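Student: just a sequence and a predicted model for now, questions to come.
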Amino acid sequence: MPIAKMDNVIKNYKVGKVEVPALRGISLDIQEGEFTSIAGPSGSGKTTMLNLIGCLDKPTSGRVDVSNQDVSKLSSNRLADVRNYNLGFIFQTFNLIPVLSAFENVEFPLILLKKGTPKERKDMAMNMLNELGIMELAHRKPAEMSGGQQQRVAIARALVKGPKIVLADEPTANLDSVTGEGILKLMQDINQKTKTTFIFSTHDPMVMSYARRLVKVHDGKIQADERK
């Protein structure tokens, strides 16, 4: 059973009175534990695909399943539940809360989910920082970190609640190539160790080279689906 599935998905956006097609009949199965890149130029539809799997948007037609649920028909509240309990997000701009320390940023999703006691939440957040080798950043705020350090904190925040799927939108875009490769190796290690499913949207050849499956999209259609 796929952990995420798109079945003949069409997505149109309205720009004024004009309807602009973003996806033109996409069908795709993602199995648990995959390390997949959705690749294509700007405007190809790759971010739209990530947004639909991430329950941030709904298709115009067709079906999107996440963790065996047809999310295309869920209410906003139910979609929020699927996001909170099943999905982790990593963004190219890191999206850390600037007034919070690294520890507080990682603990924040656990507070929102009311997971465990304050001590259990502290232990979970600190353990995750330790797993990613960034314990020394625990009390630093984002402005006091490099881009690579901020992205590691963002990964810790995405992983701390134990998501089934991690969605990463251009995760290396604001990093130099050496730092970006370090981040990719880290995510690859996590994927192999925990079997967490990773889905990237990217046009970075380095991200594509690390993927074990490469789905190429262009003009809202899948052009190629290659497994390594």
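Tutor: Great, that's in hand. Numbers count the residues shown, from 1 in each chain.
Student: show me what the helix or strand hosting Ile90 is in contact with.
Tutor: Here Ile90, judged by DSSP states H and E, is contained in strand 87-91. By Cβ atoms under 8 Å, 6 or more residues apart in numbering, the list of residues contacting strand 87-91 from outside reads 54-55, 66, 95, 151, 154-155, 157-159, 161, 163-169, 171. Just so you know, the C-beta spots here come from the backbone N, C-alpha and C atoms, and that holds for glycine as well.
Student: leaving out the residues flanking it, which one is nearest to the residue most central in space within the chain?
Tutor: Centroid check for the chain by Cα atoms, centre = their mean gives Leu167 as the closest residue, at 1.4 Å. Among residues not flanking Leu167 along the chain, Gly54 sits closest, at 4.8 Å (Cβ to Cβ, 6 or more residues apart in numbering).
Student: you'd agree that neighbour is up against Arg83?
Tutor: Yes - Gly54 lies in contact with Arg83 (Cβ atoms under 8 Å); the separation is 6.8 Å.
Student: okay, these two: which has more neighbours?
Tutor: Gly54 (24 against 18; other Cβ atoms under 10 Å).
Student: tell me the contacts of the more buried one?
Tutor: Contacts for Gly54 (Cβ under 8 Å, 6+ apart) come out as Arg83, Leu87, Phe89, Leu167.
Student: in the worst-scoring helix or strand of the chain on mean pLDDT, which residues are buried?
Tutor: Ranked by mean pLDDT, DSSP states H and E, the helix or strand of the chain with the weakest confidence is helix 76-86, at a mean of 90. Using 16 or more other Cβ atoms under 10 Å as the test for burial, helix 76-86 gives Leu79, Val82, Arg83, Asn86.
Student: contact partners of the longest helix belonging to the chain?
Tutor: For the chain, the helix that runs over the most residues, judged by DSSP state H, is helix 177-194. Applying Cβ under 8 Å, 6+ apart, the contact partners of helix 177-194 are 33, 35, 132, 146-148, 151-152, 155, 159, 166, 168, 171-172, 175, 196-198, 204, 206-207, 210.
Student: just the buried ones from those?
Tutor: For these, buried by 16+ other Cβ under 10 Å: 35, 132, 147-148, 151-152, 155, 159, 166, 168, 171-172, 175, 196-198, 204, 207, 210.
Student: of the residues you listed, which belong to helices?
Tutor: Gly147, Gly148, Gln151, Arg152, Ile155, Leu159, Val207, Tyr210.
Student: with respect to Ile26, which of the residues you listed is nearest?
Tutor: Val207 (20.0 Å; Cβ to Cβ).
Student: pLDDT at the closest one, what is it?
Tutor: Per-residue confidence (pLDDT) for Val207: 94.
Student: that one and Ser201 touch, don't they?
Tutor: No - Val207 is not in contact with Ser201 according to Cβ under 8 Å; the separation is 9.1 Å.
Student: quickly list what's touching both of the two.
Tutor: Ser37, Ala39.
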